[in-house]
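take a look and give me a structure for this.
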Amino acid sequence: MHLRFCASWRVLFLLLLSAVFLSACSGSSPGPGAEAEAKLPENTAAGNTAAAEKGEAEAGGQSGVRPNTPVVYEPQAPLESTLGEEPLIVDISHTDQGYVMARYTGSAAKANIQITGPDGIHYKYFLTPSDSFISLPLTSGDGTYQIDGYENIAGTQYAVLFRETTEVSLENELFPFLYPNHYVNFTARPEAVAVAAEAAAEASDDLDAVADIYHYVIGHVAYDLEKAETVAAGYLPDVDETLRTGKGICFDYASLTAAMLRSQNIPTRLEIGYSGDIYHAWISVYTEETGWIDRLIEFTSGGWTRMDPTLAAGNDSSSAALKYVGDGSNYTTQYIR
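Below you'll find the predicted structure:
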């Protein structure tokens, strides 16, 4: 079967144009990837900061309105426990928070970190020379992780620098989906964080905040067909650039939405895989609340539910889009970021 990149979402869009709006009711069973008893963490994780300096009292000042002060869990690299050595170092000091930090300072064009969790899925991350660390998520839950380090020799050839394992026991299973990382990259002060706070200012609860941010993204970002046809391998989204230009590909949609939701302390997974035979990116969110959002997305009680901003932006909440997005059989997840 010929595999097409996510630019081919237009084909799906054309097939869905004839659909009409549909009302529906919510379910109640927890979704995959999160236990029913999972609770949102208190805002006390290492490196956690509120982006706004005006104080928590300002957020949620109106009765019935949830606090919207940004909460950014900032990854740190104290080098208390590490794997490898210069020029490629992996800091494993905060694996209980759901991430490791990596840095490559060598002279080669790039290095590669491969992380294999207890689910056996191989995650590859490519690093270019830099004095800064990048955050790599541990999305496979508790267990043994193998972390391999490679340095590029020429072309696609790499030399092994180290192969080691580390045991991971998460303080909270939701942490990997709250911290910024290599694919959902944001800090306490980018534009995306401020926009998320503004978009969620009138939300009465987390579910309302998800709806408000979701509608902001699909209403302010257009699909970039030219970029989709020319994007290079290894492309990484820039959430603020997506906001400034008002356009992006599926990866940009998913990364921006995930960053905005995470900055509002709403756990969000960026998932990469296939929508039919189209290579695609989408997001899943976690909330302790339950209910529907704009007839398109169902959030089940205490669980993860599929929410695909690219299809929604192109399909205006049609019933066919609802059926397609809501049917998990239409999605095959390869990677979770």
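
where exactly do the helices run in the chain?
Secondary structure of the chain, counting by DSSP state H: helices at 9-16, 191-199, 206-220, 225-230, 239-245, 250-263, 309-315, 319-326.

low-confidence ranges, the protein, go.
For the chain, applying pLDDT under 70 flags the ranges 1-64, 275-280, 289-334.

can I see the domain layout of it?
Using automatic domain parsing, the domains assigned to the chain come out as 6-71+180-336, 82-171.

who's in contact with residue 208?
Applying C-beta atoms under 8 Å, 6 or more residues apart in numbering to residue 208 gives the contacts 66, 200, 202. Just so you know, the C-beta spots here come from the backbone N, C-alpha and C atoms, and that holds for glycine as well.

could I have the buried ones of those residues as PyMOL selection syntax?
Selection of the buried residues among the contacts of residue 208 in PyMOL, burial being defined by 16 or more other C-beta atoms under 10 Å:
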select buried, resi 66+200
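
now, the contacts of residue 208 that are in strands?
Among the contacts of residue 208, none falls in strands (DSSP state E).

distance to residue 251 for the contacts of residue 208 - can I get that in a markdown table?
Below are those laid out as a markdown table (distance: C-beta to C-beta, whole Å):
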| residue | distance to residue 251 |
| --- | --- |
| 66 | 29 |
| 200 | 23 |
| 202 | 29 |
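
closest to residue 117 among the contacts of residue 208?
Set against residue 117, the nearest of these by C-beta to C-beta is residue 200 (31.8 Å).

surely the closest one meets residue 215?
No - between residue 200 and residue 215 there is no contact under C-beta atoms under 8 Å: 10.8 Å.

now residue 248: how far from residue 122?
27 Å (C-beta to C-beta, to the nearest Å).

these two: who's more crowded?
residue 248 (27 against 11; other C-beta atoms under 10 Å).

contacting residues for the more buried one?
Contacts of residue 248 (C-beta under 8 Å, 6+ apart): 221, 223, 224, 227, 237, 242, 256.

gap between it and residue 281?
Residue 248 is 11 Å from residue 281, by C-beta to C-beta.

circling back to that earlier point, who wins on neighbours among the contacts of residue 248?
residue 256 (30 neighbours).

got the contact list for it?
192, 217, 221, 237, 239, 242, 243, 248.

you'd agree the first one is up against residue 186?
Going back to what we said before, that points to residue 192. Yes - shown here, residue 192 and residue 186 form a contact pair, counting by C-beta under 8 Å, at 5.7 Å.

any residues in contact with both of those two?
Joint contacts of residue 192 and residue 186 (C-beta under 8 Å, 6+ apart) are 239, 259, 263.

burial count for the last one?
This points to residue 263. Other residues close to residue 263 by other C-beta under 10 Å number 32.

how much space between it and residue 133?
20 Å.

equivalent analysis for the second one, please.
Counting by C-beta to C-beta, the gap from residue 259 to residue 133 is 19 Å.

quick check on these two: which one has the bigger neighbour count.
Comparing residue 259 with residue 133 by other C-beta under 10 Å, the one with more neighbours is residue 259, at 29 against 19.

my guess is the more buried one meets residue 185, correct?
Yes - between residue 259 and residue 185 a contact is recorded at 7.4 Å, counting by C-beta under 8 Å.

can you check which residues contact both of the two?
residue 239.

mind listing what residue 117 touches?
Taking C-beta under 8 Å, 6+ apart, one finds 123, 138, 139, 140, 141, 143, 145, 168 in contact with residue 117.

what's the answer for residue 134, then?
Residue 134 neighbours (C-beta under 8 Å, 6+ apart): 101, 102, 103, 125, 127, 181, 182.

show me what the closest residue to the last one other than its chain neighbours is bridged to.
Looking back up the chat, that one is residue 182. Distance criterion C-beta to C-beta, 6 or more residues apart in numbering; nearest residue to residue 182, sequence neighbours excluded, is residue 134 at 5.2 Å. With DSSP bridges applied, residue 134 shows beta-bridge pairing to residue 102.

so residue 134 versus residue 68, what's the distance?
Where residue 68 is concerned, residue 134 sits at a distance of 28 Å (C-beta to C-beta).

can you pull the contacts of the nearest residue to residue 103 once chain neighbours are set aside?
Distances taken as C-beta to C-beta, 6+ apart place residue 133 nearest to residue 103, at 4.6 Å, with adjacent residues excluded. Each residue near residue 133 by C-beta under 8 Å, 6+ apart is listed here: 75, 77, 91, 101, 102, 103.

export these to CSV and tack on distance to residue 269 and neighbour count?
Rendered in CSV, the data for the contacts of residue 133 read as follows (distance: C-beta to C-beta, whole Å; neighbours: other C-beta atoms under 10 Å):
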residue, distance to residue 269, neighbour count
75, 17, 22
77, 23, 21
91, 23, 23
101, 20, 21
102, 21, 26
103, 25, 22
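
quick check, nearest of those residues to residue 267?
residue 75 (15.7 Å).

who's in contact with that closest one?
47, 94, 97, 99, 101, 133, 135, 179, 180, 181.

please name the residues that touch the spatially closest residue to residue 143 that is not a sequence neighbour.
Excluding the flanking residues, the one nearest residue 143 by C-beta to C-beta, 6+ apart is residue 118, at 3.1 Å. By C-beta under 8 Å, 6+ apart, the residues touching residue 118 are 140, 141, 142, 143, 144, 145.
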